[in-house]
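**Student:** predicted structure and sequence below. I'll ask about it afterward.
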Amino acid sequence: MPSSANQIRDDLERRFGEELPEITAKEGLEQLASIARRGSCRRFKTQPVSTELVHMLCAIALASPSKSDLQQRDIIVINDADQKMRLVELVSEQVWVRGAPAVLVFCGNNRRQRQLHEWRGHTFANDHLDAFFNAAVDAGIALSAFVTAAEAAGLGCCPISAVRNRATEVGALLNLPNHVFPVAGLALGYCKDEPSISMRLPLSMTVHEDRYHDRSSPDMIDAYDARRNVLQPYSQQRLSEKLGTTDRYGWSEDKARQYSLPERQDFGDFIRSKGFNLK
Ligand SMILES: Cc1cc2nc3c(=O)[nH]c(=O)nc-3n(C[C@H](O)[C@H](O)[C@H](O)COP(=O)(O)O)c2cc1C
């Protein structure tokens, strides 16, 4: 096996905690290796990212697939320093965003589609949940393609769902019209440190053959927690003032604590206020 094939297998086995078959792919091994070991970056060098590079990455991101070629996503590149400061303020609980040389916001956009109906004189007969859902998925696909492209170009990045915590203010700051909504921000720059490989649930739990198999048993989650705690332990226990601390703190406890508090309860109202009918 060529060395990058070995590297891919090692990195994936480390990430998923299970043995993988031999990597037989022959093409694109270097790119695959870098995707296999990727990780988010939240600590950036001060070095700026050139406008041309950001523009090229936007173009690559928007070359990704789009539902029915409807192209229902837009990217807002925050260039103005004051505008960036205001956006950073709106996500101030994510302190690390302050240090990002570049910030972008990926938006779902169902507005253009509705305009096409107006301009071409056809009824828009799909004013239901799917209109919102398709635009959100399209934006997510572009976000993912941007991340992969940015990481291939030697940059580091991290999405920021926190832009949806203050969706109304973010919408006003970015001048978002009806049927355009933020999906996630993205912090971008050159990473200070090599991003680490974050452990994932085993593929035997998340990849299914032929039909869904409900394999998420408490034992498997315990095993995942234990494996993660060895390689990627939590430095702090979430909500410890309210919920106390436990020796058995791991991913499952962290995620259950995270969603024990309401988050973004007003997001549905915001999306409805942007004209979507979510029925
Ligand atoms: C849509 C989306 C939104 C995210 N929002 C945040 C965020 O607001 N703050 C943050 O620190 N990380 C955020 N992340 C990054 C995830 O926490 C990260 O991808 C996850 O912990 C796995 O780590 P990895 O990307 O290094 O593999 C987000 C990721 C995605 C895909």
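**Tutor:** Done, it's in. Residues are numbered from 1 along each chain as shown.
**Student:** hang on, Ile75 in a strand?
**Tutor:** Yes - per DSSP: H, G, I helix; E, B strand; the rest coil, Ile75 lies within a strand segment.
**Student:** how about it, nearest residue that isn't a chain neighbour?
**Tutor:** Cys58 (5.1 Å; CB to CB, 6 or more residues apart in numbering). From N, CA and C alone the C-beta is placed, and that goes for glycine too.
**Student:** mind listing what's buried along the one helix or strand that neighbour maps to?
**Tutor:** Per DSSP states H and E: Cys58 is located in helix 51-61. Within helix 51-61, the residues that count as buried by 16 or more other CB atoms under 10 Å are 53-54, 57-58, 60-61.
**Student:** neighbouring contacts of that helix?
**Tutor:** 75, 77, 79, 102, 104, 142-143, 145-146, 149-150, 153, 155, 188 (CB atoms under 8 Å, 6 or more residues apart in numbering).
**Student:** what angle separates the strand ranked longest in the chain from helix 51-61?
**Tutor:** Ranked by number of residues, the top strand in the chain under DSSP state E is strand 180-189. Using axes from the mean of the first three to the mean of the last three CA atoms, to 10 degrees, the direction of strand 180-189 lies 130 degrees away from that of helix 51-61.
**Student:** sketch out the low-pLDDT regions of the stretch 1-150 of the chain for me.
**Tutor:** Low-confidence segments of the stretch 1-150 of the chain (pLDDT under 70): 1-2.
**Student:** show me what from it comes close to the ligand.
**Tutor:** Residues of the stretch 1-150 of the chain found near the ligand, taking CB under 6 Å from any ligand atom as the criterion, are 39-40, 94.
**Student:** ranking those residues by neighbours, who comes first?
**Tutor:** In terms of neighbours by other CB atoms under 10 Å, these top out with Gln94 at 19 neighbours.
**Student:** following the helix or strand hosting Glu13, which helix or strand shows up next?
**Tutor:** When secondary structure is defined by DSSP H and E, Glu13 falls within helix 3-16. Following helix 3-16 in sequence order, the next helix or strand is helix 29-36 (DSSP H and E).
**Student:** quick revisit: any chance of the residues of the stretch 1-150 of the chain next to the ligand in CSV, with distance to Arg211 too?
**Tutor:** Output for these, formatted as CSV (distance: CB to CB, whole Å):
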residue, distance to Arg211
Gly39, 32
Ser40, 32
Gln94, 39
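**Student:** let's have the residues you listed in CSV, adding secondary structure.
**Tutor:** Below are these laid out as CSV (three-state DSSP):
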residue, secondary structure
Gly39, coil
Ser40, coil
Gln94, coil
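**Student:** just to revisit the earlier point, distance of the residue nearest to Ile75 from the ligand?
**Tutor:** 17 Å (CB to the nearest ligand atom, to the nearest Å).
**Student:** parallel or antiparallel, list what pairs with the longest strand of the chain.
**Tutor:** strand 102-109 (antiparallel), strand 156-160 (antiparallel) (DSSP bridges).
**Student:** just the C-alpha atoms of the longest one, please, in PDB.
**Tutor:** This file holds the C-alpha atoms of strand 102-109, laid out as PDB (Å, rounded to 0.1, in the frame of the first residue of the first chain):
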ATOM      1  CA  ALA A 102     -12.000  36.500   7.800                       C
ATOM      2  CA  VAL A 103     -15.600  35.800   8.500                       C
ATOM      3  CA  LEU A 104     -18.300  34.700   6.000                       C
ATOM      4  CA  VAL A 105     -22.000  33.900   6.400                       C
ATOM      5  CA  PHE A 106     -23.700  31.100   4.400                       C
ATOM      6  CA  CYS A 107     -27.300  31.800   3.700                       C
ATOM      7  CA  GLY A 108     -30.200  29.800   2.400                       C
ATOM      8  CA  ASN A 109     -31.900  31.800  -0.400                       C
END
